[in-house]
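Q: Sharing a model that was predicted from the sequence below.
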Amino acid sequence: MDTTKDLYPSRTSAPTAMFERLDPVVYGNADQGPLSQEQLDQYNRDGFLFFPGFFNGQTIGSFVDELHRLCSDRSMAGRDDVITEPDSQEVRSIFQVHKHSDVFARLCRHPRILPMAQQLLGGDVYIHQSRINYKPGFQGKGFNWHSDFETWHAEDGLPHMRTVSCSVILTDNNEFNGPLMIVPGSHRYFVPCIGETPENNFRRSLKKQEIGVPDNDSLAKLIDQAGGIQAPKGPAGSLLLFECNVLHGSNANMSPYPRSNVFFVYNSVKNTPRRPYAAPDYRPEFLSERGDFTPLRAAG
């Protein structure tokens, strides 16, 4: 496909109807990795795979310790890649965690995770973005419904839907602490969003996303078509793989229990970013890798 042509126009001045995606969902096959044909079919249909208890308690404990170290590290305060909650100084997200931490650098190359990303995307991958989402108890705000691809296409210049997110659950995710909600099957449609991208939109969107969100009518139609919303919930150590275009969001955390996940966004080396398709300039590199597309290799 022509990577210079905008196959997914968005941020338009007038409403535009959603349309079927133009890219495959699964690029590899059952012979190219650990996922079975049944799992590949499920991912193709629903846009996500959930593995409860993927890591045992001892293993996940080391990741949680690293989370607390990063969140309490005074040298991290005030950095552009450390995002606080809209109404407080509580940490909301830490980006580039695979560069801040050797622990998370190894985790993104884990021999049980990386081959699944390579299989789904049909070959070599690199980290487009990594982050910790730390939703503190009582104060953690929600995330509006959105497709990650819409932002990565409009503001980062990713030409195609050839990206998968991996979320490792660091604390128990339950119905009370704002778990991720997914619209199954929504990844098969692209929903153009209304509104021109403001300059430096990332500064506002990382705290509260208002540009690049789907319209209510399209969202309601996709939810009805899916037969409802799903929220993969499970204990610390569970793992979620979800397709870049699947619609997802989360409610505020109204419980006393934090909801913390670490995300690694794997992008195909054949899908590196071009110029933004619908933004005045590039976002910072801590949000969109533009300098190092070296294929990841599994950690020893």
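A: On my side now, so go ahead. Residues are numbered from 1 along each chain as shown.

Q: Could you list the buried residues of stretch 212-225?
A: Within stretch 212-225, the residues scored as buried using 16 or more other Cβ atoms under 10 Å are 212, 213, 214, 215, 218, 219, 221, 222, 223. For glycine as for every other residue, the C-beta is placed from the backbone atoms N, C-alpha and C.

Q: quick one: that stretch to chain centroid distance?
A: Its chain's C-alpha centre and that of stretch 212-225 lie 19 Å apart, by Cα atoms, centre = their mean, to the nearest Å.

Q: of all the buried residues of stretch 212-225, which comes closest to residue 110?
A: Checking the buried residues of stretch 212-225 against residue 110 by Cβ to Cβ gives residue 212 as the nearest, at 30.5 Å.

Q: Just the element for that closest one, please.
A: For residue 212, there is no enclosing helix or strand under DSSP states H and E.

Q: thinking residue 119 is in contact with residue 28, fair?
A: Yes - contact criterion Cβ atoms under 8 Å: residue 119 and residue 28 qualify, at 4.2 Å.

Q: And the two? Which one has more around it.
A: The neighbour comparison of residue 119 against residue 28 (other Cβ atoms under 10 Å) goes to residue 119, with 23 against 19.

Q: Helix, strand, or coil at that one?
A: At residue 119, secondary structure determined by DSSP: H, G, I helix; E, B strand; the rest coil is helix.

Q: Which strands and helices lie in contact with the longest helix anywhere in the chain?
A: In the chain, assigned by DSSP state H, the helix with the most residues is helix 57-72. Judged by 3 or more Cβ pairs under 8 Å, 6 or more residues apart in numbering; DSSP states H and E, helix 57-72 is in contact with strand 91-95, helix 102-107, strand 125-135, strand 259-268.

Q: Partner strands of the first one, with direction?
A: Okay, so that is strand 91-95. The strands beside strand 91-95 in its sheet (DSSP bridges) come out as strand 82-84 (antiparallel), strand 125-135 (antiparallel).
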